[in-house]
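> Predicted model and sequence follow; I will ask about them next.
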Amino acid sequence: MLVVFYVSASAEFRRFEHPPKPDGSLSFLVIGDWGRRGTYNQSEVAVQMGSMGEKLSIDFVVSTGDNFYENGLRGIHDPAFLYSFTDIYTAKSLQKQWYAVLGNHDYRGNTKAQLSTILRRTDRRWLCLRSYIVNTGTAEIFFVDTTPFVDKYFEKTKHHKYDWRGVLPREKYLTKLLKDLESALKLSVASWKIVIGHHTIRSIGHHGETRELVTRILPILEANDVDLYINGHDHCLQHISSNTSSMQFLTSGGGSKAWKGDYHDLNQEGLKFYYDGQGFMSLQLNPTNAKIVFHDIAGKVLHSTNLSKQRYSVVM
């Protein structure tokens, strides 16, 4: 594993270099909403991830957030890190770098624990930051901290408390993040621009569209020709094509507990695929083509999409 780290000029977006394979190709897995100490089929999904990781010779794994349920980590020595991560994803092929973002459940715990370099020493695979960039040459992947955008998390409630250290004052934080995201996207010359966030932009799942992201982030993505927006949050797998750009919206939130039958309009314009069960996603990229595949807990291919820089086609 070769990951070179340096801090970019942007305060919000640190940059990591992760070289592709010698031929310029890249493959990785995407999993979200998973950390339940192996329950709700988390362990079964992990087994299939290991098999697919070996088959594709993956370069790394992406987590779309809600890494530890129900309330994140209590601290840097919380055993949930081992029980839900290290002890679950044990396959040889998964001993690669994991790039993670925070979800809303992670913010209910000690967010600084998940961001700590101490966890990286506990398990060298782990890397979680609020917002950052992974540059592979073939693709630039922009990880965005979406939880602070959502208004309802800042409303007073007796049910949940959130750890906003490092985020407040909120509007200053969000304004800087959006400015840095826009700047980084404009400067990118990668063949593929991929944005990772926890919350949905387009979704027919339980949560549906995240209004704040549609208003504040989506215009920036469309203006800068982002190819893929990948999220978790809704506990399902789905693919929706934009009706205003070539962007594809991909949900991989089936890492453990799924929400059977909890969806909205199956006739929604642009909907290519929806599955209300557990599973994960794989991506294979080269400079001109991309293959995106959704897998269930038995390893079955549920949906496959082939993209090119000129056009895309959907293969069922």
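Okay, I see it.
> Tell me which residue of this structure is furthest from the middle?
No residue in the chain sits farther from the centre than Lys158, which is 28.8 Å out by Cα atoms, centre = their mean.
> ok but Gln119 is inside a helix, no?
Check again: residue 119 is Leu, not Gln. Yes: using DSSP: H, G, I helix; E, B strand; the rest coil, the assignment for Leu119 is a helix.
> I'd guessed it sits against Phe81; true?
Yes: with contact defined as Cβ atoms under 8 Å, Leu119 reaches Phe81; the gap is 6.3 Å. (Glycine included, C-beta is placed from N, CA and C.)
> quick one, what contacts the closest residue to Val134 other than its chain neighbours?
Leaving aside its sequence neighbours, Val134 sits nearest to Ile141 (Cβ to Cβ, 6 or more residues apart in numbering; 4.4 Å). Contact partners of Ile141, counting by Cβ atoms under 8 Å, 6 or more residues apart in numbering, are Val62, Tyr99, Ile133, Val134, Asn135, Ile194, Val195, Ile196.
> Relative to Gly53, which of these is nearest.
Each of these was checked against Gly53 using Cβ to Cβ; the closest is Val62, at 12.2 Å.
> before we move on, which element is that closest one in?
In this assignment (DSSP states H and E), Val62 forms part of strand 60-63.
> partner strands of that strand, parallel or antiparallel?
strand 26-31 (parallel), strand 97-100 (parallel) (DSSP bridges).
> Figure out how far that strand is from the centre of its chain.
8 Å (Cα atoms, centre = their mean, to the nearest Å).
> who touches it?
Here strand 60-63 has contacts from 18, 28-32, 34, 49, 53, 89, 94, 96-101, 125, 128, 134, 141, 196, 230, 232, using Cβ under 8 Å, 6+ apart.
> now swap in stretch 118-130 and tell me
3, 12, 14, 16, 61, 63, 67, 76, 81-82, 85-86, 94-102, 113-115, 143, 145, 166.
> Mind checking which of those residues land in helices?
Residues of the contacts of stretch 118-130 located in helices (DSSP state H): Phe81, Ala113, Gln114, Leu115.
> Based on its surroundings, how many neighbours for the second one?
Counted with other Cβ atoms under 10 Å, the burial measure for Ala113 works out to 21 neighbours.
> No further queries at this time; thank you.
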